[in-house]
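*Asks:* let's see this in three dimensions:
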Amino acid sequence: MQILSKITGCLLSVCLLGQIWENGLAWAGPGPLAGFEARPSPDWLTQGTIYEVFPRDFSQQGNLKQVTATLPELQNLGVNILWVMPIHPIGLKGRKGTYGSPYSIRDYYAVNPDYGSLADFQDLVTKAHELGMKVIMDLVANHTSWDSVMMKHPEYYKQDSSGHIIPPDPGWTDVAGLNYQNKDLRRYMIQMMEYWIKTADVDGFRCDVAYAVPTDFWEDARKNLEAIKPDIMMLAEASKPELLTNAFNLDYSWPILHSLDNVILRGAPASDLRSTWVENKTLFPAGALHMMISDDHDEARAISRYGINGALAASILMFTMDGVPLVYNGMEAGDATESGDPALFYKLPIFWHPRERPDFRAIYHDLIEWRKQYPALSSGQTTWLTNTDPDDVVSYMRHDEKDEFVIEINFSSRPVDGTVELEGVGDFRAMNVNGVTNQAPDNLTHFQLGGYGWKIYHRSILKLAEQK
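*Replies:* Here you go, the predicted structure:
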């Protein structure tokens, strides 16, 4: 089927200009899944926060033991789901860079000796569970390295007309594409996933390039994995609506991220974010859950793309919109070390103490705690509010039967002065955020926001009802 929008050239994933729509999905009007329900997810996921850790760059030592040692700090931050990037041995044949991509896997059943041992990974999962955290592995099901132990089965791989094994994408020269027409390969991959649940007690998988692997494989895998761990969590690296009906709990918010890049980097109107959100609602099954990202291992760091204040404004959006926010590998420190290429092929550790940063850790801590304390911010409804500067400012309400929050974010570098259309605002109070010096005034309908400034307001519906 036709793929409508795609940026190629990134080894680990295809970074989208919009959504990747396969199976005939259209841009305009209700999508074919509009009448379907997304598979439900537990509260620990919908109200949770995911932390993506790249063990090689997370510390100078670059191993699993250092990740385990830092788990209490991540728990204090409020993180409850740890996504560990691939832990397996990296291929040597066709390797890119000094260390090679962790997504070029030689043996799915082994642990990269640079990271440590199987016992080290088991200990990481055990300690995380003791702290009330879930752990998901990064599963690379689309391709392997050219020197994979699976190469003894050439029938497992995609081949050209001459019988030569080929990469899944011409630019992905360090990996070979897997062939899901082969039933034995499917069985091998499902058994491997079962192994990691049984052996290390992992809580789920982040599935790399999930959109390129047949949907029916993921659905079969889910059934098998649920038989072992009923509350398994599965995250699709995709923006493909059909994946969320049966196979996956959540996918990537690529359409929102693309719109955000257009707004901050290319001068598109801030109202495009609202348009993208509305379009997603028509295309995805009801209740679809998306991982909200401004920073991850495939993107240049948000601070590099948007600047320090722009990156913080982007985070406010990602933490207050419906979805599950992601914190990536030192993002809470304001790290600006390279990501994507070259960081995927070399060793570029996090710089944990950069100068002249807001207190990102304190800000993220408060945002994470609010999501836990107020379900309106994690699983409530979203209502977009009209304001007088839609080119620069987004304004919206997150609400349920107990609480209402109003969020105003300026996505331009210049100060703005305007109003928001909302009646009965007398009981709203500004939410003060640790680490932020200029706290919000209580008059939310008249906003005065500096460049990339933002405000968050709250009122209790229950208290308001009691007063009446």
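
*Asks:* any weak-confidence spans in the chain?
*Replies:* Low-confidence segments of the chain, defined by pLDDT under 70: 1-35, 438-442, 463-468.

*Asks:* Asn182 against Pro154, yeah?
*Replies:* No. Counting by C-beta atoms under 8 Å, Asn182 does not reach Pro154; the two are 10.2 Å apart. Quick note: C-beta positions are derived from backbone N, CA and C, even for glycine.

*Asks:* name the helix or strand for Leu82, please.
*Replies:* Assessed by DSSP states H and E, Leu82 sits inside strand 81-84.

*Asks:* give me the contacts around that strand.
*Replies:* The contact list for strand 81-84, computed with C-beta atoms under 8 Å, 6 or more residues apart in numbering, reads 44-45, 48-53, 55, 67, 71, 74, 124, 128, 133-138, 203, 206, 233, 235, 324.

*Asks:* apply 7 Å and report the result again.
*Replies:* When contacts are defined by C-beta atoms under 7 Å, 6 or more residues apart in numbering, strand 81-84 is touched by residues 48-53, 55, 74, 128, 133-138, 206.

*Asks:* with stretch 194-207 instead?
*Replies:* With contact meaning C-beta under 7 Å, 6+ apart, stretch 194-207 is reached by 83, 109, 121-122, 125, 134-139, 141, 193, 224-225, 228-229, 232-237.

*Asks:* the stretch 251-400 of the chain: strands as residue ranges?
*Replies:* 289-292, 324-328, 381-384, 393-399 (DSSP state E, counting those that start in this stretch).

*Asks:* using a markdown table, lay out those strands together with mean neighbour count and distance to Leu250.
*Replies:* A markdown table is the format used below for those (neighbours: other C-beta atoms under 10 Å; distance: least, C-beta to C-beta, whole Å):
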| stretch | mean neighbour count | distance to Leu250 |
| --- | --- | --- |
| strand 289-292 | 23 | 4 |
| strand 324-328 | 25 | 6 |
| strand 381-384 | 14 | 16 |
| strand 393-399 | 23 | 18 |
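
*Asks:* dump those strands to JSON lines, plus distance to Glu421.
*Replies:* Formatted as JSON lines, the strands of the stretch 251-400 of the chain follow (distance: least, C-beta to C-beta, whole Å):
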{"stretch": "strand 289-292", "distance to Glu421": "25"}
{"stretch": "strand 324-328", "distance to Glu421": "27"}
{"stretch": "strand 381-384", "distance to Glu421": "11"}
{"stretch": "strand 393-399", "distance to Glu421": "9"}
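
*Asks:* nearest to Leu92, out of those strands?
*Replies:* Evaluated with C-beta to C-beta, the strands of the stretch 251-400 of the chain place strand 324-328 nearest to Leu92, the distance being 27.5 Å.

*Asks:* just the ones of the contacts of strand 81-84 in strands?
*Replies:* Counting by DSSP state E, those place Ile50, Tyr51, Glu52, Val53, Lys134, Val135, Ile136, Met137, Asp138, Arg206 in strands.

*Asks:* among these, name the buried ones.
*Replies:* Buried members of these, scored by 16 or more other C-beta atoms under 10 Å, are Ile50, Tyr51, Glu52, Val53, Lys134, Val135, Ile136, Met137, Asp138, Arg206.

*Asks:* ok, which stretches of the stretch 51-200 of the chain are strands?
*Replies:* Taking DSSP E, counting those that start in this stretch as the criterion, the stretch 51-200 of the chain carries its strands at 81-84, 134-139, 143-144, 176-177.

*Asks:* now for the ones you listed, which one comes closest to Val433?
*Replies:* Val433 lies closest to strand 81-84 among the strands of the stretch 51-200 of the chain, at 22.6 Å (C-beta to C-beta).

*Asks:* list the contacts for the closest residue to Asp251 other than its chain neighbours?
*Replies:* Excluding its sequence neighbours, the residue lying closest to Asp251 (C-beta to C-beta, 6 or more residues apart in numbering) is Ala236, at 4.3 Å. By C-beta under 7 Å, 6+ apart, the contact list for Ala236 reads Cys207, Ala210, Leu243, Phe248, Asp251.

*Asks:* who does the first one bridge with?
*Replies:* Counting by DSSP bridges, Cys207 is bridged to Leu139, Ala236.

*Asks:* ranges for the helices of the chain?
*Replies:* For the chain, the helices defined by DSSP state H occupy 43-46, 55-58, 64-77, 118-130, 183-200, 215-228, 243-246, 254-266, 271-283, 302-320, 360-373, 375-378, 461-467.

*Asks:* picking that back up, in CSV: the contacts of Ala236, plus neighbour count and distance to Gly450.
*Replies:* Below are the contacts of Ala236 laid out as CSV (neighbours: other C-beta atoms under 10 Å; distance: C-beta to C-beta, whole Å):
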residue, neighbour count, distance to Gly450
Cys207, 27, 40
Ala210, 27, 40
Leu243, 27, 40
Phe248, 29, 39
Asp251, 27, 34
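
*Asks:* now stretch 280-289: how far from the chain's centre is it?
*Replies:* 17 Å (C-alpha atoms, centre = their mean, to the nearest Å).

*Asks:* wait, I meant stretch 267-276
*Replies:* For stretch 267-276, the distance to the chain centre is 20 Å (C-alpha atoms, centre = their mean).

*Asks:* give me the buried positions along that stretch.
*Replies:* For stretch 267-276, burial by neighbour count (16+ other C-beta under 10 Å) applies to Ala268, Pro269, Ala270, Ser271, Asp272, Leu273, Arg274, Thr276.

*Asks:* again, but for stretch 348-362
*Replies:* Neighbour counts over stretch 348-362 (16+ other C-beta under 10 Å) mark Leu348, Pro349, Ile350, Pro354, Arg357, Pro358, Phe360, Arg361 as buried.
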